[in-house]
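Colleague: pasting a predicted model and its sequence here:
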Amino acid sequence: MTHLAAGAAPPAYSVSYKRVVLAILVSAYTLNFIDRTIIATIGQAIKVDLKITDAQLGLLGGLYFALLYTVLGIPIARLAERFSRTNIIALAILVWSGFTALCGTAGNFLTLSAFRFGVGVGEAGLSPAAHSLISDYFPPGKRASALAVYSFGIPLGTMLGAVTGGYLAQTFSWRVAFMVVGLPGVLIAIAVKLILREPPRGHADKLAGPPRLVEDVVPDEPPVPAPTLASELKEIGAVAATLFGQWPVLNMVAGVSLVSFSSYGAIQFGAPYFIRAFGLSLAQAGALMGLVGAFGQGIGTVAGGYITDRLARRGAHWYALVPAIGVSLALPFAAAVYTAASWQTAALFLIGPGLFAYVYLGPTFGVVQNMVPTHRRATATAVLFFVLNLIGLGGGPPLTGWAIDHYAAFHFAHPDQGGIWAAIAGFFEPGLTPFKTVCPGGMAPTGAPAETAQACKAALVLATRQGVLCAYAVALWGALHYFAAAPSLGKAMARARAARGEKDQ
């Protein structure tokens, strides 16, 4: 933990240096999301090659990654509260990049699952430490914007993973795609280690005295008390009480978790839908989802932070209202994408869901960082991500895939009942096995009659459309929580500032 010598002024980090810090962290988060979400693009090739179901594909893209990612995030965050956050980030990048490359060597579903667990172990070390660093570099009034820029790594990584992964899988194989995208992590880990400095804890919250160059400050490193299980549980409990014990913050957490469930579930099967419905190649579907869909996500992510920081000068309730309004506006565009008669028409609307829905990231992360003391910020992010990713990433893709499997079985058995309400009513009707037997991997075997191949395709396309739309519908539930948070959020944030001894920004 970094401290200042008695009487020393806090170091003055230049604007340009802080931009470099943010750029490196965005690069790391971009790789994080390339490696995390690439299965959404190359999943169709994996499904066909390994003969797995959409539920298994959802597990690889969601729960099997999220389990260790969420569980290990909290203890790693506790280390980040005491030790070098830059060292933790550099090591984390090396671990997840190595396991991503290993995914390309998997010969079956079980081995691929084990390597995806490993990717989750490494990625657990990034965001809690990164959020804490960013909060020490940027003051509360600019924190939502800075965290929104960091969160730009989500759409950027999604875009690069989709375009690069689709091209590599189409040109070479899905195995090569995994190996290639895992390699750049080594370079980013080196940059983190050599360039990023550890700012004093709470640096941006209480700048005092005349600015001095960071090189002139002699750090004072008093011994850090050894942690005990009781003290660690007390710290985690205090963070949990802030996030779940205050009505507006609880609703913010519920909102981000449900919207993440929606987006992870929908994105996991976005590229497969375009391949199944319109016959696009892996490369074409990856380019479409990456260049069009992620472009909208990128604008929405960054704009959400800056718009919120500006509107929040009039009232903190805008930290909740911006996500609530944005998520609500995104739903009609999502419906238009997945009911379009051609991929060209769908592409026209594809920018909309990300453009509006992704405004939720910066404001939500800003509220969480502004609600806790400086020595609990990494922990706050880890606790938030534990809930967010267990529900969103752990639940969204596998449950969406499970729904698609059951919808496909229903429509295969009842080709004359194409409505979504009929499919929902018959959700638990027996009959999944015949579809899996006749259509392994969602496709009729080579040499099967043409009518069988058409029946398999028609059932899977309709099921994918309905499954993705059901996933998007969950976002509206999340928007309601954001609306519920708005009335009392300002008072909660004012109490948090007063508890830290800060003046209004």
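Modeller: Now that the structure is in, tell me what you want to look at.

Colleague: mind checking the longest helix of this protein?
Modeller: helix 450-499 (DSSP state H).

Colleague: and that helix, what other elements does it pack with?
Modeller: Where contact means 3 or more CB pairs under 8 Å, 6 or more residues apart in numbering; DSSP states H and E, helix 450-499 is packed against helix 247-268, helix 270-278, helix 318-337, helix 361-371, helix 377-413, helix 420-425, helix 432-438. Any C-beta I mention is one placed from the backbone N, CA and C, and that applies to glycine too.

Colleague: and it with helix 247-268, angle?
Modeller: Here the directions of helix 450-499 and helix 247-268 differ by 150 degrees (axes from the mean of the first three to the mean of the last three CA atoms, to 10 degrees).

Colleague: what angle do helix 450-499 and helix 361-371 make?
Modeller: Inter-element angle recorded for helix 450-499 and helix 361-371: 30 degrees (by the same axes, to 10 degrees).

Colleague: V149 against S27, yeah?
Modeller: No. V149 lies out of contact with S27 (CB atoms under 8 Å); the separation is 11.8 Å.

Colleague: can you give me every residue that contacts D309?
Modeller: Applying CB atoms under 8 Å, 6 or more residues apart in numbering, we find D309 in contact with G141, K142, R143, A144, S145, G366.

Colleague: out of these, list just those in strands.
Modeller: When these are checked against strands using DSSP state E, none is located there.

Colleague: top of those residues by neighbour count?
Modeller: Using other CB atoms under 10 Å as the neighbour criterion, A144 leads the contacts of D309 with 31 neighbours.

Colleague: relative to I299, how far out is the closest residue to that residue other than its chain neighbours?
Modeller: Excluding the flanking residues, the one nearest A144 by CB to CB, 6 or more residues apart in numbering is G366, at 3.1 Å. Shown here: G366 relative to I299, a distance of 18 Å by CB to CB, to the nearest Å.

Colleague: equivalent analysis for V21, please.
Modeller: The spacing between V21 and I299, counted by CB to CB, is 23 Å.

Colleague: please identify which of those two sits among more neighbours.
Modeller: Between V21 and I299, counting by other CB under 10 Å, V21 is the more crowded of the two (24 against 18).

Colleague: how about the contacts made by the more buried one?
Modeller: By CB under 8 Å, 6+ apart, the contact set of V21 is Y13, L133, I134, Y137, I195, L196.

Colleague: sort out for me which of these are in helices.
Modeller: If you go by DSSP H, these have L133, I134, Y137, I195 in helices.

Colleague: tell me which two of these sit farthest apart.
Modeller: Largest separation among the ones in helices among the contacts of V21 by CB to CB: I134 and I195, giving 15.0 Å.

Colleague: out of the two, which sits in the more crowded spot?
Modeller: Set I134 next to I195 and count neighbours by other CB under 10 Å: I134 wins out with 25 against 13.

Colleague: quick one: contacts for the residue nearest to the more buried one when sequence neighbours are not counted?
Modeller: Spatial nearest neighbour of I134, chain neighbours left out: A146 (5.2 Å); criterion: CB to CB, 6+ apart. Neighbouring residues of A146 by CB under 8 Å, 6+ apart: L22, I134, Y137, F138, G305.

Colleague: roughly how far apart are A146 and G305?
Modeller: A146 sits 7 Å away from G305, going by CB to CB.

Colleague: equivalent analysis for L331, please.
Modeller: In terms of CB to CB, L331 sits 22 Å off from G305.

Colleague: these two: which has the busier surroundings?
Modeller: Per other CB under 10 Å, whichever of L331 and G305 has more neighbours is G305, with 27 against 20.

Colleague: out of the contacts of V21, flag the one nearest to A458.
Modeller: Distance to A458, by CB to CB, is smallest for I134 among the contacts of V21, at 48.3 Å.

Colleague: which pLDDT does the model give the closest one?
Modeller: With respect to pLDDT, I134 has a value of 92.

Colleague: touching, it and L22? I think so.
Modeller: Yes. Using CB under 8 Å, I134 is in contact with L22, at 7.1 Å.

Colleague: common neighbours of these two, please.
Modeller: Residues touching both I134 and L22 by CB under 8 Å, 6+ apart: A146, Y150.

Colleague: follow-up on the earlier one: show me which pair in the contacts of A146 is furthest apart.
Modeller: Maximum pairwise distance among these (CB to CB): 14.7 Å, between Y137 and G305.

Colleague: wait, is P415 part of a strand?
Modeller: No. Per DSSP: H, G, I helix; E, B strand; the rest coil, P415 lies outside any strand segment and is coil.

Colleague: gap between it and A455?
Modeller: Separation of P415 from A455 (CB to CB): 7 Å.

Colleague: if I look at the residue nearest to I134, how far off is A130?
Modeller: Distance of A146 to A130, given as CB to CB: 11 Å.

Colleague: could you do F333 as well?
Modeller: To A130, F333 is 30 Å away according to CB to CB.

Colleague: so which of those two has more stuff around it?
Modeller: Applying other CB under 10 Å to F333 and A130 shows that A130 carries more neighbours, namely 31 against 20.

Colleague: let me see the mean pLDDT of the helix or strand where I39 lies.
Modeller: If you go by DSSP states H and E, I39 is part of helix 15-50. In this model, helix 15-50 has a mean pLDDT of 92.

Colleague: got a list of contacts for the next helix or strand after that helix?
Modeller: Where DSSP H and E defines the elements, the next helix or strand beyond helix 15-50 is helix 54-61. Here helix 54-61 makes contact (CB under 8 Å, 6+ apart) with 37, 39-40, 43, 46-47, 109, 112-113, 116, 264-265, 268-269, 272, 397-402, 404-405, 408, 442, 464, 467.
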